[in-house]
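S.K.: how would this look folded up:
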Amino acid sequence: HPVAFVASYPGSGARMTWNLIEALTGLVTGDDWNTNGHGRNVVTVKTHYPQKNGQLVSFADEIPRVVLIVRNIKNAMPSLHNFR
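M.R.: Below is the predicted model:
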């Protein structure tokens with residue numbers, strides 16, 4: 001199955017979306033830091049790139065699609081601050 005990026009600014013709900021994708025599909029998701037160790041064997045890769053909390057995965061050129069999460073910055077910034 002092709003992998004998709006789930007891209008957003010930190011604090012915009014990417015982790016919640018990541019969890020929903022896993023719950024609804026039963027498929028494994030990953031992130032740009034490969035914290036779960038699944039590498040490219042995932043359905044989505046959560047990323048905040050090019051923001052400093054994100055990075056490109058080694059197989060980024062092979063990812064043909066993206067889910068872009070957009071949240072009003074007035075709400076994303078406090079959420080990011082509270083998360084830290």
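S.K.: Spell out the secondary structure type for the residue of the chain most remote from its centre.
M.R.: No residue in the chain sits farther from the centre than residue 74, which is 20.2 Å out by Cα atoms, centre = their mean. Following DSSP: H, G, I helix; E, B strand; the rest coil, residue 74 is assigned to helix.
S.K.: just residue 45 next, same as before
M.R.: Taking three-state DSSP, the label given to residue 45 is strand.
S.K.: Number of residues surrounding it?
M.R.: 27 (other Cβ atoms under 10 Å). Heads up, the C-betas are built off the backbone N, CA and C, glycines and all.
S.K.: and it, what does it touch?
M.R.: Going by Cβ atoms under 8 Å, 6 or more residues apart in numbering, residue 45 touches 3, 4, 5, 6, 29, 30, 31, 32, 57, 63.
S.K.: For it, give the beta-bridge partners.
M.R.: Taking DSSP bridges as the rule, residue 45 bridges to residue 5, residue 30.
S.K.: hang on, the earlier thing: what separation do you get for the residue farthest from the centre of the chain and residue 12?
M.R.: 12 Å (Cβ to Cβ, to the nearest Å).
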